[in-house]
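> predicted model and sequence below, questions to follow.
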Amino acid sequence: MTNSNVEQNRSGNKIVEMTCIVCPIGCHLKVEVDENGRFVSVTGNRCPRGAEYAKQEVTDPRRVLPTSVKVIGGELPLVSVRTEKPIPKKLIFEAMKVIKSIQVEAPVKRGQIILENLLNTGVNLIATRTVKRIEEVEKNAKSWRDGAAI
Ligand code: SF4
């Protein structure tokens, strides 16, 4: 939830204010939630995607998790990764613990699955860049130097 602010209306329901982050317009939403935390209504959205976002955000907020994973034998010590889809916000701390404990052998290809079904969410963790093996980078550099010396 972004910039949330909570008030109460005359019927006792909570009005949660938030910014829709689905597109760059960033509509200011007012979401009505009953005493059991159930979604009642939303105003301020310019399109149905904003209503879906508001409903999801008050009932089961989710986020794409971008982070990095250790690489063994790579030209870089880390590879950037992200979840393929948003995962429940409440699992992010636990997901980070799992991700910190893993490492991957180079080479790593952009889009490669690094971890399947993260915390049984049905969502995979994927690499968002390529990391070559260090030997491959050194071999290419040597070939370039040898070629340049001729
Ligand atoms: S409600 Fe629709 S138009 Fe407004 S920010 Fe969300 S997605 Fe964009």
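The structure has been received and is ready for your questions.

> pick out the residue closest to the middle of the chain.
Val64 (1.8 Å; C-alpha atoms, centre = their mean).

> show me the contacts for that residue.
82-83, 85-87 (C-beta atoms under 8 Å, 6 or more residues apart in numbering). Yep, even glycine has a C-beta here, placed from its N, CA and C like the rest.

> rebuild those as a markdown table, extending it with secondary structure, pLDDT and distance to Leu125.
As requested, the contacts of Val64 are exported to a markdown table (DSSP: H, G, I helix; E, B strand; the rest coil; pLDDT from 0 to 100; distance: C-beta to C-beta, whole Å):
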| residue | secondary structure | pLDDT | distance to Leu125 |
| --- | --- | --- | --- |
| Arg82 | strand | 98 | 7 |
| Thr83 | strand | 98 | 6 |
| Lys85 | coil | 95 | 11 |
| Pro86 | coil | 95 | 13 |
| Ile87 | strand | 97 | 10 |
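
> now list the buried members of these.
For the contacts of Val64, a burial check counting by 16 or more other C-beta atoms under 10 Å picks out 83, 87.
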